[in-house]
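A.B. asks: The following comprises the amino acid sequence and a computationally predicted model.
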2 protein chains.
Amino acid sequence: MAAISGFPEFLPEGRFIETRALDILRQVFELHGFAGIQTRSLEPLAELSRKGEITKEVYVVRRLHAESGEEDAWGLHYDLTVPFARYVLDHAGHLNFPFRRYQIQPAWRGERPQEGRFREFWQADIDIVGQSTLSFHHDSEVVLVMLEACERLHHELGIPPVLMRINNRKLIQGFYAEIGIADPLAAIQIVDKLPKIGEKAVGEILSQQGIGAKEIDLILRFAAVSSTVGSVKDQVQAFGLTNEILQEGLEEVQNLFDAVHAWFPANVVIDCKIARGLDYYTGSVFELELQGKESLGTVCAGGRYDSLATDGKTTYPGVGISFGVSRVFVPLISKGDLRGSRSVPSAVLVAVDSEDQRPHANEVAHALRSRGIPCEVSPNSQKYGKQIRFADKRGIPYVWFGSISGQIKDIRTGDQSDADALSWTPPNEDMIPYVIRT
Amino acid sequence: MAAISGFPEFLPEGRFIETRALDILRQVFELHGFAGIQTRSLEPLAELSRKGEITKEVYVVRRLHAESGEEDAWGLHYDLTVPFARYVLDHAGHLNFPFRRYQIQPAWRGERPQEGRFREFWQADIDIVGQSTLSFHHDSEVVLVMLEACERLHHELGIPPVLMRINNRKLIQGFYAEIGIADPLAAIQIVDKLPKIGEKAVGEILSQQGIGAKEIDLILRFAAVSSTVGSVKDQVQAFGLTNEILQEGLEEVQNLFDAVHAWFPANVVIDCKIARGLDYYTGSVFELELQGKESLGTVCAGGRYDSLATDGKTTYPGVGISFGVSRVFVPLISKGDLRGSRSVPSAVLVAVDSEDQRPHANEVAHALRSRGIPCEVSPNSQKYGKQIRFADKRGIPYVWFGSISGQIKDIRTGDQSDADALSWTPPNEDMIPYVIRT
């Protein structure tokens, strides 16, 4: 793993698990009608450096032998949202709105090397984007799709169960406005650090920003509002605030909660301390953590934005959510929580008696493959014992001896029996490697 | 397509075809026991700039706010061979040899913008790498695996049939040595341009290199040797040359041809003008073109190298072949030769009567998805006619009306009938989009 800090690299067993995860995410997204796209890895630097706090993390790209006068105009994308916004504008005339897309690609951040931070990482994003308008029911839709994917990753690959925390920017902004916070976004970005630095530190920073003790107390009490302690409506109404934005946010977050809770009662809570640092969210916000692996932090997040992109005439509102594939799988695989059952796809090693018999072994392999059974032919014609050890070392469960009418040996049990390569099939669970949870 | 020259980007219909192609390549590779790996996108610049002729094409990567004194140490990989060689050395202790891997990733070349040249492109590579030794039968194995993948791409996605041209570096080098060429590699790199610039131009360049008229004549006659005009052994023996390297190369290329021809008689020829420009090939070389689309050039190539990598103690010989996914699919898709049948994965649009009926529509969709049928729920509850037009615009073939016990309409024929969402299934050919060849 990871010869260079921040650039995770798997052995084949680990990559197999990551590939299965990407397949599951894609399958779920496609079942829900999301179309896959890929954007180029490079974007104009100007586009990438607009968002204040991310500027420093961009990797700049230039040709080694750039002509003199050729500017540093490009950078590697640091997420899939900025390139998607550009894609929507570039191709708007050829897309049908609301446009539902998924995008599974690596992204790069030029951070200083640091334990647990990735400089190259895979994300799996879904977004639904409208032209001018986008109905609110899509907010629950993206959350439900992602929770369905997470449930499959849990059952099929053994990742921990997940918890989605939801909130609404209007609720927060309405609340902050009514208690007299001058710069709600700045306060939101401070409160967003609550899970990491705690109430005391957040209170101190808010105080340094000139916010009074009474308001800080209200902010922290508001941040503690959660569906885990009772009715969120009751808790919010207890503050005695009445403004319209707050009421609208409260309605939305409750509606979102109800829609998601109906399908995933154990995996969603309203949590008013969730804010998301990014400035473009304007309604629902979501954050997902792994239950029992909270130390991995937020592994999936998203929200509603009134303007993903605009060309001056048309505005494209959207709602989306991004799953941090590397954030979840790199620690689970590299620490050995998840392991692949074998290092090769092959379910069968076809033994070779002698080099002049190799064409017959190839025919056996061809017959098995034509029925979808992954196999490889022994690279040598050493003694059978050595060929069996070759299979064993790679975790290949079966060895084939002889021609089309031959014998199959399960090397785990030692059982050996006559078999016909035109009809023999391994049990389903042996067809592809499986994931071992430890 | 391609808002910026050299960075192809597909609409969803096109990306769907590319995704299918990547799936087919991966399926075939896994059926043959190749394990998938991914390497990081960045490699040390020193590693990338060692190979003379590629240096100028590397994209250098640095952090936007690199500390002073922080060097430009990284570049984006320009192929998948250099990173794979590094991967083998990094992880040799954890790999089993011979190690069979496939790798499907983008690569980047910082070329000047130019029609038909990509600066970001996908490749699909397979290689088999041994520790110290690697049997010759693996040479035919990688060619056969790639031809099987190409055959599936032809039948399932409609790419043209392919032709694999094979040759052997030992044969060329033995020939050149015996006729007295001082620098065979330099001559090989010139002769490699034959298909592009023709005999006359190649002869002139060879002459400028100080090679005599008699030798140039021999070189060009040798380059015309081909299995399409008769026995290659006879044609080569007619030159009356006898050295050992030449004989060894002749044996190898004939063995490779026989092994491949037995499975793909219409897709392989020996062609003595094939040389491959790269200096690391030491035996078999292969080049593949699309029949009837020769203008796309070599879309897949590879060969045998005695030393993929070495750590000073152990040498890792290998044989591999690389399929240029973008080279094949970007022109075929962007010129409209291949089109996807719809712009979304959805086979069914579930209509919504009124917003308060949306939960029922969601239940219908859930029932269909649980049996693997991709579908989406109408984003609005407009008149049925409008919802049908919504489906039609996206190429969705079916619209569902009502609840679990409802009605299904094939909007292509207008047929509408009662259906149960717990059991109704579309015909197989409607489950996922298909590829239309024009």
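C.D. replies: Thanks, I have it.

A.B. asks: Please count neighbours and contacts with C-alpha atoms only from this point.
C.D. replies: Noted.

A.B. asks: Tell me who's in contact with A:Asp418.
C.D. replies: Counting by Cα atoms under 8 Å, 6 or more residues apart in numbering or on different chains, A:Asp418 touches A:405-408.

A.B. asks: any idea how far B:Ser354 is from the spatially closest residue to A:Val330 that is not a sequence neighbour?
C.D. replies: For A:Val330, ignoring the flanking residues on the chain, the nearest one in space by Cα to Cα, 6 or more residues apart in numbering or on different chains is A:Pro8 at 7.1 Å. Relative to B:Ser354, A:Pro8 is positioned 49 Å away (criterion: Cα to Cα, to the nearest Å).

A.B. asks: who has more neighbours, these two?
C.D. replies: Neighbour comparison, A:Pro8 and B:Ser354: the larger count goes to A:Pro8, with 21 against 12 (by other Cα atoms under 10 Å in any protein chain shown).

A.B. asks: measure stretch A:430-438 end to end?
C.D. replies: 19 Å.

A.B. asks: Stretch A:367-381: which residues count as buried?
C.D. replies: A:367-369, A:373-381 (16 or more other Cα atoms under 10 Å in any protein chain shown).

A.B. asks: And stretch A:422-434, by the same measure?
C.D. replies: A:430-434.

A.B. asks: How about stretch A:285-300?
C.D. replies: A:285-290, A:298-300.

A.B. asks: For those residues, name the two members farthest from one another.
C.D. replies: A:Val285 and A:Leu290 (17.4 Å; Cα to Cα).

A.B. asks: what sits against the residue of the stretch 101-250 of chain A found nearest chain B?
C.D. replies: Distance from chain B to each residue of the stretch 101-250 of chain A (Cα to the nearest Cα) is smallest for A:Gly110, at 5.1 Å. A:Gly110 makes contact with A:56-59, A:119, B:62-64, according to Cα under 8 Å, 6+ apart.

A.B. asks: Let's see that with 10 Å instead.
C.D. replies: Taking Cα atoms under 10 Å, 6 or more residues apart in numbering or on different chains, we find A:Gly110 in contact with A:6, A:54-60, A:76, A:78, A:118-120, B:61-66.

A.B. asks: Just give the number of residues close to the spatially closest residue to it that is not a sequence neighbour.
C.D. replies: Spatial nearest neighbour of A:Gly110, excluding adjacent residues (Cα to Cα, 6+ apart): A:Glu57 at 4.5 Å. Counted with other Cα under 10 Å, residues neighbouring A:Glu57 total 20.

A.B. asks: Surely A:Glu57 is in contact with A:Phe118?
C.D. replies: No - using Cα atoms under 10 Å, A:Glu57 makes no contact with A:Phe118, being 11.3 Å away.

A.B. asks: Which neighbours do these two have in common?
C.D. replies: Joint contacts of A:Glu57 and A:Phe118 (Cα under 10 Å, 6+ apart) are A:108-112.

A.B. asks: now, which of the residues you listed lie within helices?
C.D. replies: Residues of these located in helices (DSSP state H): none.

A.B. asks: ranking the residues you listed by neighbours, who comes first?
C.D. replies: Ranking these using other Cα under 10 Å puts A:Gly110 first, with 24 neighbours.

A.B. asks: A:Arg117 versus that one, what's the distance?
C.D. replies: Applying Cα to Cα to A:Gly110 and A:Arg117 gives a distance of 10 Å.

A.B. asks: tell me, what's touching the two both at once?
C.D. replies: By Cα under 10 Å, 6+ apart, the residues touching both A:Gly110 and A:Arg117 are A:Gly6.

A.B. asks: I figured A:Ala46 hits A:Val82, correct?
C.D. replies: No - between A:Ala46 and A:Val82 there is no contact under Cα under 10 Å: 11.4 Å.

A.B. asks: the more surrounded of those two?
C.D. replies: More crowded of A:Ala46 and A:Val82, by other Cα under 10 Å: A:Val82, with 16 against 12.

A.B. asks: Please name the nearest non-neighbouring residue to the more buried one.
C.D. replies: Ranked by Cα to Cα, 6+ apart and with sequence neighbours excluded, the top spatial neighbour of A:Val82 is A:Leu48, at 7.3 Å.

A.B. asks: Would you mark the buried spots in stretch A:409-422?
C.D. replies: Residues A:409-411, A:419-421 are the ones in stretch A:409-422 that count as buried (16+ other Cα under 10 Å).

A.B. asks: and if you look at stretch A:385-403?
C.D. replies: A:387-388, A:390-392, A:394-403.

A.B. asks: What of stretch A:142-156?
C.D. replies: Residues A:142-153 are the ones in stretch A:142-156 that count as buried (16+ other Cα under 10 Å).

A.B. asks: I would like a ChimeraX command selecting only the buried ones among the contacts of A:Gly110, please.
C.D. replies: Only the buried entries of these go into this ChimeraX selection, using 16+ other Cα under 10 Å:
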select /A:6,55,57,58,59,60,76,78,118,119,120 /B:61,62,63,64,66
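
A.B. asks: now the helices for the stretch 251-400 of chain A?
C.D. replies: All helices of the stretch 251-400 of chain A, identified by DSSP state H, counting those that start in this stretch, fall at A:325-334, A:358-369, A:384-394.

A.B. asks: nope, the stretch 51-200 of chain A is what I meant
C.D. replies: Counting by DSSP H, counting those that start in this stretch, the stretch 51-200 of chain A has helices at residues A:81-91, A:137-152, A:169-178, A:184-191, A:194-208.

A.B. asks: mean confidence for the fourth one?
C.D. replies: Confidence over helix A:184-191, taken as the mean pLDDT, stands at 87.

A.B. asks: can you give me the angle it makes with helix A:169-178?
C.D. replies: Going by axes from the mean of the first three to the mean of the last three Cα atoms, to 10 degrees, helix A:184-191 is angled at 110 degrees with respect to helix A:169-178.

A.B. asks: cool, and the second one?
C.D. replies: Regarding helix A:137-152 and helix A:169-178, their directions subtend 120 degrees when assessed with the same axes, to 10 degrees.

A.B. asks: For helix A:137-152, output the C-alpha coordinates as PDB.
C.D. replies: Output in PDB follows, covering the C-alpha atoms of helix A:137-152 (Å, rounded to 0.1, in the frame of the first residue of the first chain):
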ATOM      1  CA  HIS A 137     -38.600  15.800  -4.000                       C
ATOM      2  CA  HIS A 138     -35.300  15.400  -5.700                       C
ATOM      3  CA  ASP A 139     -33.600  16.200  -2.400                       C
ATOM      4  CA  SER A 140     -34.900  13.000  -0.800                       C
ATOM      5  CA  GLU A 141     -34.300  11.100  -4.000                       C
ATOM      6  CA  VAL A 142     -30.500  11.600  -4.000                       C
ATOM      7  CA  VAL A 143     -30.300  10.800  -0.300                       C
ATOM      8  CA  LEU A 144     -32.400   7.600  -0.800                       C
ATOM      9  CA  VAL A 145     -30.300   6.500  -3.800                       C
ATOM     10  CA  MET A 146     -27.100   6.900  -1.800                       C
ATOM     11  CA  LEU A 147     -28.500   5.100   1.200                       C
ATOM     12  CA  GLU A 148     -29.500   2.200  -1.000                       C
ATOM     13  CA  ALA A 149     -26.000   2.100  -2.400                       C
ATOM     14  CA  CYS A 150     -24.600   2.200   1.100                       C
ATOM     15  CA  GLU A 151     -26.900  -0.600   2.200                       C
ATOM     16  CA  ARG A 152     -25.600  -2.800  -0.600                       C
END
